[in-house]
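Engineer: What shape does this take:
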Amino acid sequence: MPIIRFVKRYAMRFYYEFRRLRRLDSNIIVFVKYGLLYDIMLNLYRPFAVKFLTRLGGEEFHISLFNSVPGIVAVFALIPGALFLSRFKSLKRVTAMLFAMSRIVLLLFLFTPFFPAHITPWLFVCLIGALNFPDSISQSALQSYLGDVFDNNTRGAAISARSKFGAIVVLIVTLATGLIIGFVPQTDGQTIIFYQIFFALAFTVGVFEILTFLKFKPRQKVDSITPAVEAETVSTCFKLVFANKKFVKFLILTVLFHVTWHAGWPLGSIIQIIELGANEVWLAIFAVVSAIAGFMTANLWNKLSQKKGSSFAFTAAAFMVASNALIISVAPNNWFLIITFVIGGAAGIGTTMSLLNGLLETTPDNGRIFYFGVYNTFINISLAVSPFIAHFLITRFDSSRVALAIVGSGRFVTAGLLFIFFVLPSWKKRKTVSK
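Structural biologist: Have a look, this model is predicted:
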């Protein structure tokens, strides 16, 4: 049968990838293990968070706010956070501390159903925002720290290996969680209890994730980040960063892309959950399909990035993301949506890999933490504003599908800008060099 052949082929590919992993650098192995634990923790609750919000009584505005609040929090946290991090000699330890703060907030999720029904949707959204305060700072710290752990030769292999195995874990964990929540509980009350159990499990896995992170061994003999510039004020930080024209160009174009990318997130959730009635089982199926597509294409994205450059890979992924929005906007049922998650899974992993590579390529070793702080601040401004753009479009046109079609058209425009300003100059440069 075709399904059996597909599963067998998928399992054999996983086996060979696992055997190859053992021959890689020890830091890559730690990175993969850390990534697997992070993905397990995240996918025990994240794919179903919007559905949990609707079970608490959340409506369309709550969904938009759910997507926006983390960005609002991060905008005010990232630059001060970067300045805060620059004063620590051990970036590893302070990052682990921020991870711990985030996981404690995650544990608080399981207490939200105990509050009065009229405030539980708002409480859950507020906790999502609180979770993102340490998360946003720690992600900037982690991105910067990876620059000390991996050199240019090992970075691509590390990101590719982590992405491939992460896709497998997402598949298994999300499918198992969705099937359990979808079929085991017999009442709405029991469903809420299962959500609480998975929140507790996610917290437990998060503890092991932090312990694994502490096993990284940076290339320097001393685990420290000594800032090249003693930045005392936010203005000093901005002057340092915006003097780098290469980084500024990368920042502007990627922020424009993220505005249209983020605007589509709540619209896609509204179409899937509210209009087409997707339950936890469907959400699990979508996540599994997306994970398989990501796993199967991770090597292709890595090869494309090495051959054509991360800018070309990013642009190609952006065009796929744009196409996906238009397809979702005309989806008649959940079966049709499976196609969109195949495209979305492949495009998502390509976007993630090429963005991280591009960011590390455009930032210097000295003062990198400030660059990441500024970059993530602007990305989170997009995350904060874009869901409200989506909500405005829904209100203006009285249709989430029309709104998503408009957002998809905007994605094509930003992808075109990426091609003009990223890809064409690199092609012209290569032709000049070859002559």
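
Engineer: contacts, neighbours, all on C-alpha from now
Structural biologist: Fine.

Engineer: any idea how far the residue positioned nearest the centre of the chain lies from residue 298?
Structural biologist: By Cα atoms, centre = their mean, the chain has its centre lying nearest to residue 352, at 7.1 Å. Distance of residue 352 to residue 298, given as Cα to Cα, to the nearest Å: 10 Å.

Engineer: do the same with residue 413
Structural biologist: On the measure of Cα to Cα, residue 413 and residue 298 end up 26 Å apart.

Engineer: Among those two, which residue is more densely surrounded?
Structural biologist: For residue 413 versus residue 298, neighbours defined as other Cα atoms under 10 Å are more numerous around residue 298 (25 against 18).

Engineer: Just the pLDDT at the more buried one, thanks.
Structural biologist: You'll see residue 298 listed with a pLDDT of 81.

Engineer: just to confirm, which helix or strand has it in it?
Structural biologist: helix 280-308 (DSSP states H and E).

Engineer: how many other residues sit next to the closest residue to residue 401 other than its chain neighbours?
Structural biologist: Leaving aside its chain neighbours, residue 401 sits nearest to residue 329 (4.6 Å; criterion: Cα to Cα, 6 or more residues apart in numbering). Counted with other Cα under 10 Å, the neighbours of residue 329 add up to 22.

Engineer: How about the contacts made by residue 329?
Structural biologist: 400, 401, 402, 404, 405 (Cα atoms under 8 Å, 6 or more residues apart in numbering).

Engineer: Which residue is the nearest non-sequential neighbour of residue 95?
Structural biologist: residue 138 (5.3 Å).

Engineer: Next one, pLDDT for the one you found please.
Structural biologist: Turning to residue 138, the model gives it a pLDDT of 87.

Engineer: Same check on the one 4 residues further on?
Structural biologist: According to the predicted model, the pLDDT of residue 142 comes to 83.

Engineer: Same question for residue 197.
Structural biologist: Reported pLDDT at residue 197 in the predicted model: 95.

Engineer: Return the distance of it relative to residue 311.
Structural biologist: From residue 197 to residue 311 the distance is 42 Å (Cα to Cα).

Engineer: same thing with residue 188?
Structural biologist: The gap separating residue 188 from residue 311 is 47 Å, by Cα to Cα.

Engineer: Tell me which of these two has more neighbours.
Structural biologist: Shown here are residue 188 and residue 311; by other Cα under 10 Å, residue 311 has more neighbours (21 against 10).

Engineer: so what's that one up against?
Structural biologist: 305, 354, 358, 422, 423.

Engineer: Now do the contacts for the fourth one.
Structural biologist: Right, residue 422. Going by Cα under 8 Å, 6+ apart, residue 422 touches 311, 312.

Engineer: Is it in a helix, a strand, or coil?
Structural biologist: At residue 422 the chain is in helix, as set by DSSP: H, G, I helix; E, B strand; the rest coil.

Engineer: tell me the pLDDT at it?
Structural biologist: We have a pLDDT of 84 for residue 422.

Engineer: what comes up buried for the longest helix along the chain?
Structural biologist: As assigned by DSSP state H, the longest helix anywhere in the chain is helix 152-183. For helix 152-183, the buried set under the neighbour-count rule, 16 or more other Cα atoms under 10 Å, comprises 155-179, 181-182.

Engineer: that older thread, please list only the buried members of the contacts of residue 311.
Structural biologist: 305, 354, 358, 422, 423.

Engineer: Once you drop chain neighbours, what's closest to the first one?
Structural biologist: The reference is to residue 305. residue 313 (5.4 Å).

Engineer: now residue 360
Structural biologist: That would be residue 147: by Cα to Cα, 6+ apart, it lies 7.2 Å from residue 360.

Engineer: What is the helix or strand harbouring the one you found packed up against?
Structural biologist: Using DSSP H and E, residue 147 sits in helix 120-149. Applying 3 or more Cα pairs under 8 Å, 6 or more residues apart in numbering; DSSP states H and E, one finds that helix 120-149 contacts helix 49-55, helix 60-85, helix 91-108, helix 368-397.

Engineer: Could you export the first one as PDB, CA atoms only?
Structural biologist: Coordinates of each C-alpha in helix 49-55 appear next as PDB, following Å, rounded to 0.1, in the frame of the first residue of the first chain:
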ATOM      1  CA  ALA A  49      -3.200  27.100  22.400                       C
ATOM      2  CA  VAL A  50      -5.700  28.900  20.200                       C
ATOM      3  CA  LYS A  51      -8.200  26.000  20.500                       C
ATOM      4  CA  PHE A  52      -7.700  26.100  24.300                       C
ATOM      5  CA  LEU A  53      -8.400  29.900  24.200                       C
ATOM      6  CA  THR A  54     -11.700  29.300  22.400                       C
ATOM      7  CA  ARG A  55     -12.700  26.600  24.900                       C
END
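
Engineer: thinking again about what came up before, where is pLDDT lowest across the contacts of residue 329?
Structural biologist: pLDDT across the contacts of residue 329 is lowest for residue 400, at 92.

Engineer: And for that residue, nearest residue in space, chain neighbours not counted?
Structural biologist: Using Cα to Cα, 6+ apart, the closest residue to residue 400 is residue 394 (5.2 Å).

Engineer: show me what contacts the one you found?
Structural biologist: Counting by Cα under 8 Å, 6+ apart, residue 394 touches 400, 402, 403.

Engineer: Let me see the contact set for the first one.
Structural biologist: So the one you mean is residue 400. By Cα under 8 Å, 6+ apart, residue 400 lies in contact with 267, 270, 271, 329, 393, 394.

Engineer: Helix or strand: which one has residue 364?
Structural biologist: Assigned by DSSP H and E, residue 364 belongs to neither a helix nor a strand.

Engineer: okay, it: pLDDT?
Structural biologist: pLDDT at residue 364 comes out at 81.

Engineer: residues touching residue 154, list them.
Structural biologist: If a contact means Cα under 8 Å, 6+ apart, then residue 154 has no contacts.
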